[in-house]
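[1] Could you look at this predicted model? Sequence included:
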2 protein chains.
Amino acid sequence: MKLGESTECVLHAVTALAQLGGEAASAGQLAEHYGVPAAYLAKQLQSLVRAGVLTATTGPRGGFRLAMPPERITLLHIVEAVDGALPFYKCNEIRQNGRGGIPSEQCLAPCGLAVRMAAAEAAWRASLAGETVADILASLPEGIPERTRALLARER
Amino acid sequence: MKLGESTECVLHAVTALAQLGGEAASAGQLAEHYGVPAAYLAKQLQSLVRAGVLTATTGPRGGFRLAMPPERITLLHIVEAVDGALPFYKCNEIRQNGRGGIPSEQCLAPCGLAVRMAAAEAAWRASLAGETVADILASLPEGIPERTRALLARER
DNA sequence: GGCGTTATACTCGGATACCACGTGTCCGAGTACCCCCGG
DNA sequence: CCGGGGGTACTCGGACACGTGGTATCCGAGTATAACGCC
């Protein structure tokens, strides 16, 4: 029960892109910015493109940029894009299997365990869906966005 | 980001044990009761013993039994025992690494991303900690506890 | 000087090895029970 | 008939293969740019 190691990289990468205000940055730039393998970061950012959180453009001066304003991108969007949106708990209805299997006519109500596990998972998702990238930007230390822009901006 | 397949088996196994009211059942019995591999279930139940949720006795008429009354066993106890209690999200402080690393004197406040991820995880844990095995028993269909006792009880 | 063409360098995108965790299985150590024997 | 001892069968507990998902990496397809030559 843990998120992939790459989730942290991607969260920070999106934060950096948000500081650029719609400008693009290449995977190589972002990787160098955080000291992570470039090819690996690129692979993860692709899943964000598929999820519609980022857009990608090829060629010189290309790269990744936000597909939505930061206020509309929630942490849940990013986490689900990178780590998958499958439910944590999969109910296989084993209550109906084996020697003690409950006859299906008594299983009209969903399995109580599955209901509780789903509720906990919903609480997690709701918490992540309540925080946006804009909230993260607002909590950065003073002067960091300007510094990020200076480091990542590409002079024409 | 998903729980192990075995979590479901273990949750149901504990539910079955709770229906026995402190009586013991062997791993083999429980496995047959749910149609799952016996050796595998036994392996998982061991981690519950280590976590103090169950007690185990060897020898004939031995097996596993609850170490606490069902009202005191929460779903979080079980899930953490089986799946580990590690945090989902591990903050490696990559904000301090690489070319854009933030100097440590500006990192007195914890990383905002880590704070949000931890909050979501806390919501998940709180939801699971609010549900006990006794709640699960109360939501079972009519007559199931009696049936489980009849199937799992071992005549002296 | 302005425009079209060409060459270039840079970007993403998917396909490919490597490794760790979880799944599934097995056999050995220990113990409570049951049977048998002796008193 | 009662008590003790030994054998037995049953239980958990940890050690051992196997497979899948994630990590890390590479090279190829495509494009905007920039330079160059021509008009």
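    That came in fine, so what should we check first?

[2] hey, let's count contacts and neighbours off CA atoms from now on
    Fine.

[3] Could you look up the next helix or strand downstream of the longest helix seen in chain A?
    Assignment by DSSP state H gives helix A:112-129 as the longest helix of chain A. Under the assignment DSSP states H and E, the closest C-terminal helix or strand after helix A:112-129 is helix A:133-138.

[4] Check which helices and strands that following helix is in contact with.
    Packing contacts for helix A:133-138, counted by 3 or more CA pairs under 8 Å, 6 or more residues apart in numbering or on different chains; DSSP states H and E, involve helix A:6-19.

[5] Could I get the buried residue list for stretch A:89-97?
    Buried positions in stretch A:89-97, judged by neighbour count with 16 or more other CA atoms under 10 Å in any protein chain shown: A:Tyr89, A:Lys90, A:Cys91, A:Ile94, A:Arg95, A:Gln96, A:Asn97.

[6] In a markdown table: those residues, plus secondary structure, distance to DNA strand D and pLDDT.
    Listed next are those as a markdown table, based on DSSP: H, G, I helix; E, B strand; the rest coil; distance: CA to the nearest atom of the strand, whole Å; pLDDT from 0 to 100:
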| residue | secondary structure | distance to DNA strand D | pLDDT |
| --- | --- | --- | --- |
| A:Tyr89 | coil | 14 | 96 |
| A:Lys90 | coil | 13 | 95 |
| A:Cys91 | coil | 16 | 95 |
| A:Ile94 | helix | 20 | 94 |
| A:Arg95 | helix | 20 | 95 |
| A:Gln96 | helix | 22 | 95 |
| A:Asn97 | coil | 20 | 94 |
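
[7] Touching, A:Ala114 and A:Cys91? I think so.
    Yes. Between A:Ala114 and A:Cys91 there is a contact under CA atoms under 8 Å: 6.0 Å.

[8] Stretch A:79-90 and DNA strand C, are they touching?
    No. Stretch A:79-90 stays clear of DNA strand C (CA under 7 Å from any atom of the strand), getting no nearer than 10.6 Å.

[9] Name the next helix or strand downstream of the strand or helix carrying A:Ser47, please.
    In this assignment (DSSP H and E), A:Ser47 forms part of helix A:38-50. Downstream of helix A:38-50, the first helix or strand assigned by DSSP H and E is strand A:54-57.

[10] Can you list the neighbours in contact with that following strand?
    Here strand A:54-57 makes contact (CA atoms under 8 Å, 6 or more residues apart in numbering or on different chains) with A:Leu45, A:Leu48, A:Val49, A:Gly62, A:Gly63, A:Phe64, A:Arg65, A:Leu66, A:Ala67, A:Met68.

[11] can we see that at 6 Å?
    The set of residues external to strand A:54-57 that reach it, using CA atoms under 6 Å, 6 or more residues apart in numbering or on different chains, is A:Leu48, A:Val49, A:Gly63, A:Phe64, A:Arg65, A:Leu66, A:Ala67.

[12] so the fifth one is in which element?
    I take that to be A:Arg65. strand A:63-66.

[13] by contact count, what packs against that strand?
    strand A:54-57 (3 or more CA pairs under 6 Å, 6 or more residues apart in numbering or on different chains; DSSP states H and E).

[14] ok, now how distant is the residue positioned nearest the centre of chain A from A:Phe88?
    Central residue of chain A (CA atoms, centre = their mean): A:Ile78, 1.7 Å from the mean position. Separation of A:Ile78 from A:Phe88 (CA to CA, to the nearest Å) stands at 17 Å.

[15] need the residues of chain A near DNA strand D, please.
    So chain A meets DNA strand D at A:3-6, A:37, A:39-41, A:43, A:58-62, A:83, A:156 (CA under 7 Å from any atom of the strand).

[16] Mind doing that once more with 10 Å?
    Contact residues (CA under 10 Å from any atom of the strand) of chain A with DNA strand D: A:2-9, A:36-44, A:57-62, A:82-84, A:86, A:155-156.

[17] quick one: low-confidence parts of chain A?
    Applying pLDDT under 70 to chain A picks out residues A:155-156.

[18] Most distant residue from the centre of it?
    A:Arg99 (42.4 Å).

[19] Excluding covalently adjacent residues, which one is nearest to A:Ala27?
    Distance criterion CA to CA, 6 or more residues apart in numbering or on different chains; nearest residue to A:Ala27, sequence neighbours excluded, is A:Ala42 at 5.3 Å.

[20] What count of nearby residues applies to the one you found?
    Neighbours of A:Ala42 under the rule other CA atoms under 10 Å in any protein chain shown: 18.

[21] how close does it sit to A:Val14?
    Shown here: A:Ala42 relative to A:Val14, a distance of 12 Å by CA to CA.

[22] what's the answer for A:Leu54, then?
    Distance from A:Leu54 to A:Val14, by CA to CA: 9 Å.

[23] Now the common contact residues for the two.
    What both A:Leu54 and A:Val14 touch, as defined by CA under 6 Å, 6+ apart, is an empty set.
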